[in-house]
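J.: The amino acid sequence is not available; the structure is as follows:
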């Protein structure tokens with residue numbers, strides 16, 4: 001009788017452990033699916049409030065770096081997007097922002113930072129028509145900064 005009673009207590013303990021484990025598994029699965037749903041909703045909101053752009057920085061010495069799929073808020077200017085990916089020195093005047101250095105490169109006589117945008121209609125780079133702080137980016141724009149002689 002004693003032997004049977006011991007196995008009964010062990011079995012009852014294992015059953016209780018199984019019930020507690022199943023409860024925690026169900027609870028954490030519910031939490032996982034809740035947070036996954038919240039994450040997806042937040043990402044959808046992020047998609048509607050931001051855009052992705054591609055930025056090239058060409059240092060004029062054979063070194064260049066792409067910042068592809070840079071996510072920026074809607075209505076961001078090229079200057080704001082560049083400030084997001086690089087350390088930029090600039091001054092402002094009556095014609096807008098004038099970039100003097102990017103990531104410490106700049107300041108050489110007769111060399112300047114100029115920006116361009118990719119015109120997909122004619123498949124070529126075109127000179128930026130306005131100052132970088134006045135150019136409002138659009139989703140999937142491709143822009144480039146080049147340190148060059150003018």
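T.: Done, it's in. Predicted model, so just to flag it, every value in this text is computed and none were measured.
J.: The lowest-mean-pLDDT helix or strand in the chain - contacts with which helices or strands?
T.: The helix or strand of the chain with the poorest confidence is helix 2-49; it has a mean of 90 (mean pLDDT, DSSP states H and E). Packing partners of helix 2-49 (3 or more Cβ pairs under 8 Å, 6 or more residues apart in numbering; DSSP states H and E): none among the helices and strands. The C-beta positions use only the backbone N, C-alpha and C, and glycine is treated the same way.
J.: residues in contact with stretch 120-128?
T.: Applying Cβ atoms under 8 Å, 6 or more residues apart in numbering, the contact partners of stretch 120-128 are 78, 114, 115, 116, 117, 118, 119, 135, 142, 143, 144.
J.: Can you name the residues that contact the fourth one?
T.: Translated: residue 116. Applying Cβ under 8 Å, 6+ apart, the residues contacting residue 116 are 125, 126, 127, 128, 143, 144, 146.
J.: quick one, phi/psi of it?
T.: phi -140, psi 160 (degrees, to the nearest 10).
J.: what's the spacing between it and residue 30?
T.: 52 Å (Cβ to Cβ, to the nearest Å).
J.: now the residue most central in space within the chain, what's its secondary structure?
T.: Centrality entry for the chain: nearest residue to the mean C-alpha point is residue 71, 4.0 Å, by Cα atoms, centre = their mean. What DSSP: H, G, I helix; E, B strand; the rest coil gives for residue 71 is strand.
J.: tell me what the next helix or strand after the least confident helix or strand of the chain is packed against?
T.: The C-terminal neighbour of helix 2-49 among helices and strands, as given by DSSP states H and E, is strand 50-58. Counting contacts by 3+ Cβ pairs under 8 Å, 6+ apart, strand 50-58 packs against strand 64-73, helix 78-85, strand 142-149.
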